[in-house]
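Trainee: Okay, sequence plus prediction incoming.
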Amino acid sequence: MDDMNGAGAAGNAAIRRDQAARIALVAAYCEGLGFVPIGAVAETDSVRIVAGGDLAQPRWWCRRASDAGRVAAAATARLQRLEARRVGDLDGTQRLQLVDDAIAAAAKQLAVALRTHGDVCAEALAAIGRVDEEIAKLQRAGGLKSVNKSYREYRIAASARGERIMRYADWMSKYREKLVRDLAAAMRSI
């Protein structure tokens with residue numbers, strides 16, 4: 001039984017690492033495109049809609065920070081008006097729906113194009129898949145020699161500075177993030 005629990009814990013840890021890597025890759029994609037997140041922050045007795053920063057759960061994405069800020073401000077005002085008219089407490093699902101409705105209405109009123117978080121994630125996963133395919137092709141063809149050389153140089157330099165050395169898998173994850181960010185930045189200019 002202990003072996004099964006150990007395997008289960010290791011499996012759960014691997015799942016958490018994969019999820020964290022996926023979140024980091026999606027964030028790199030959004031950063032490369034210059035997208036600004038818009039979402040809600042719960043306060044003591046209300047919800048405030050914010051743009052930018054490290055939102056735990058972005059609901060929408062916008063191409064420009066100035067537009068995202070205007071949408072967030074207008075949506076917050078709209079949300080406060082809607083909540084003032086509501087009688088009784090709202091559950092989490094109802095509150096999220098009000099947030100989404102307020103953001104969508106504010107964006108429409110301000111003529112600002114927004115992308116849903118789900119749509120952006122789907123596009124990011126497609127881009128990540130393309131990057132992973134290219135890395136796999138390079139691996140099969142022995143084309144990662146320069147990447148491995150870069151890691152070796154990093155290891156030597158970090159060791160000389162007395163720094164802790166990042167594991168190859170972690171370094172490679174950062175390399176993937178950079179490739180996804182660069183791909184998205186190239187897509188932005190199209």
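Mentor: In hand now; what should we look at? Keep in mind the model is a prediction, meaning the values are calculated, not measured.
Trainee: going forward, measure contacts between C-alpha atoms and count neighbours the same way
Mentor: Will do.
Trainee: Do a quick rundown of the helices in this protein.
Mentor: For the chain, the helices defined by DSSP state H cover 2-33, 65-85, 92-110, 117-141, 145-161, 168-188.
Trainee: With mean neighbour count, distance to residue 49 and mean pLDDT added, can I get the ones you listed in a markdown table?
Mentor: A markdown table is the format used below for these (neighbours: other Cα atoms under 10 Å; distance: least, Cα to Cα, whole Å; pLDDT from 0 to 100):
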| stretch | mean neighbour count | distance to residue 49 | mean pLDDT |
| --- | --- | --- | --- |
| helix 2-33 | 15 | 19 | 82 |
| helix 65-85 | 18 | 5 | 88 |
| helix 92-110 | 17 | 8 | 88 |
| helix 117-141 | 15 | 15 | 94 |
| helix 145-161 | 13 | 41 | 94 |
| helix 168-188 | 17 | 26 | 93 |
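Trainee: quick one: contacts for residue 187?
Mentor: residue 33 (Cα atoms under 8 Å, 6 or more residues apart in numbering).
Trainee: try residue 21
Mentor: With Cα under 8 Å, 6+ apart, residue 21 has these contacts: residue 173.
Trainee: Just send the helices of the chain back as CSV, with distance to residue 58 too.
Mentor: Output for the helices of the chain, formatted as CSV (distance: least, Cα to Cα, whole Å):
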stretch, distance to residue 58
helix 2-33, 11
helix 65-85, 12
helix 92-110, 11
helix 117-141, 6
helix 145-161, 33
helix 168-188, 18
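Trainee: Need the per-residue pLDDT for the residue nearest to residue 57 when sequence neighbours are not counted.
Mentor: Nearest non-adjacent residue to residue 57, counting by Cα to Cα, 6 or more residues apart in numbering: residue 39, 6.6 Å away. What the model reports as pLDDT for residue 39 is 89.
Trainee: Please parse this structure into its domains.
Mentor: Per the record, the chain has its domains at 34-116, 119-188, by automatic domain parsing.
Trainee: Would you confirm that residue 28 contacts residue 180?
Mentor: Yes - if you go by Cα atoms under 8 Å, residue 28 and residue 180 touch, sitting 6.3 Å apart.
Trainee: any idea how far residue 70 lies from residue 42?
Mentor: 19 Å (Cα to Cα, to the nearest Å).
Trainee: Between the domains of the chain, which one is closest to residue 20.
Mentor: domain 119-188 (10.5 Å; Cα to Cα).
Trainee: Show me the contact partners of stretch 66-80.
Mentor: Contacts for stretch 66-80 (Cα under 8 Å, 6+ apart): 36-38, 47-52, 61-62, 98-99, 102-103, 105-107, 110, 112.
Trainee: Please export the C-alpha coordinates of that stretch as CSV.
Mentor: The C-alpha trace of stretch 66-80 is given here as CSV (Å, rounded to 0.1, in the frame of the first residue of the first chain):
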residue,chain,number,x,y,z
SER,A,66,-4.6,51.4,-22.3
ASP,A,67,-7.7,49.7,-23.7
ALA,A,68,-7.6,47.0,-21.0
GLY,A,69,-7.5,49.7,-18.3
ARG,A,70,-10.4,51.6,-19.8
VAL,A,71,-12.5,48.4,-20.1
ALA,A,72,-11.7,47.4,-16.5
ALA,A,73,-12.7,50.8,-15.2
ALA,A,74,-16.0,50.9,-17.2
ALA,A,75,-16.8,47.3,-16.3
THR,A,76,-16.2,47.9,-12.6
ALA,A,77,-18.6,50.8,-12.7
ARG,A,78,-21.1,48.7,-14.6
LEU,A,79,-20.7,45.8,-12.2
GLN,A,80,-21.3,48.1,-9.2
